[in-house]
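Peer 1: Provide a 3D model corresponding to the input given below.
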Amino acid sequence: QVHLVETGGGLVQAGGSLRLSCAASGGTFSTYVMGWFRQAPGKEREFVARISWRGSSRSYADSAKGRFTISRDNAKNTVYLQMNSLKPEDTAVYYCAACRTITTIEKDYEYWGQGTQVTVSS
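Peer 2: A predicted model of the protein is given here:
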């Protein structure tokens, strides 16, 4: 069983930056592909980014490309999401998730954090 805890959310003005962190415990972190998803009010949860076991492969949603960077530190059992040039439409609850395979499909992720709120003001 993997336990995930996200931190780093908050309120930021448009154009600003935030770095989200997700600390994992209870499993062998390096054996999991890690992903970030988000859910805006009134919308379904959507894929944002994912990173492979050692970080050699990354994938982003079109909305995140060029602005967000996913990274991981296996020694610290932590995955990060650096978000730059934030827009009001990035406002959402951001979740990290873990799975065994390289995928962007939400239902394939086995473990989820509780989420952290990101609010971008205009």
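
Peer 1: which residue packs closest to residue 122, ignoring adjacent ones?
Peer 2: Closest residue in space to residue 122, ignoring its immediate chain neighbours: residue 88 at 4.8 Å, by C-beta to C-beta, 6 or more residues apart in numbering. (Glycine included, C-beta is placed from N, CA and C.)

Peer 1: again with residue 49
Peer 2: Nearest to residue 49 is residue 70, by C-beta to C-beta, 6+ apart, at 4.0 Å.

Peer 1: And residue 53, by the same measure?
Peer 2: Residue 53 sits nearest to residue 30 (C-beta to C-beta, 6+ apart), 5.7 Å away.

Peer 1: Would you agree that neighbour is in contact with residue 51?
Peer 2: No. With contacts counted by C-beta atoms under 8 Å, residue 30 stays clear of residue 51, the gap being 11.4 Å.

Peer 1: can you give me the strands in the chain?
Peer 2: Assigned by DSSP state E, the chain shows strands spanning 3-7, 10-13, 18-25, 33-39, 46-51, 58-60, 68-73, 78-83, 92-99, 111-112, 116-121.

Peer 1: need the ones you listed in CSV with mean neighbour count and distance to residue 105, can you?
Peer 2: Listed next are the strands of the chain as CSV, based on neighbours: other C-beta atoms under 10 Å; distance: least, C-beta to C-beta, whole Å:
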stretch, mean neighbour count, distance to residue 105
strand 3-7, 17, 18
strand 10-13, 13, 29
strand 18-25, 19, 19
strand 33-39, 24, 9
strand 46-51, 22, 8
strand 58-60, 17, 11
strand 68-73, 18, 16
strand 78-83, 23, 18
strand 92-99, 23, 9
strand 111-112, 17, 14
strand 116-121, 17, 22
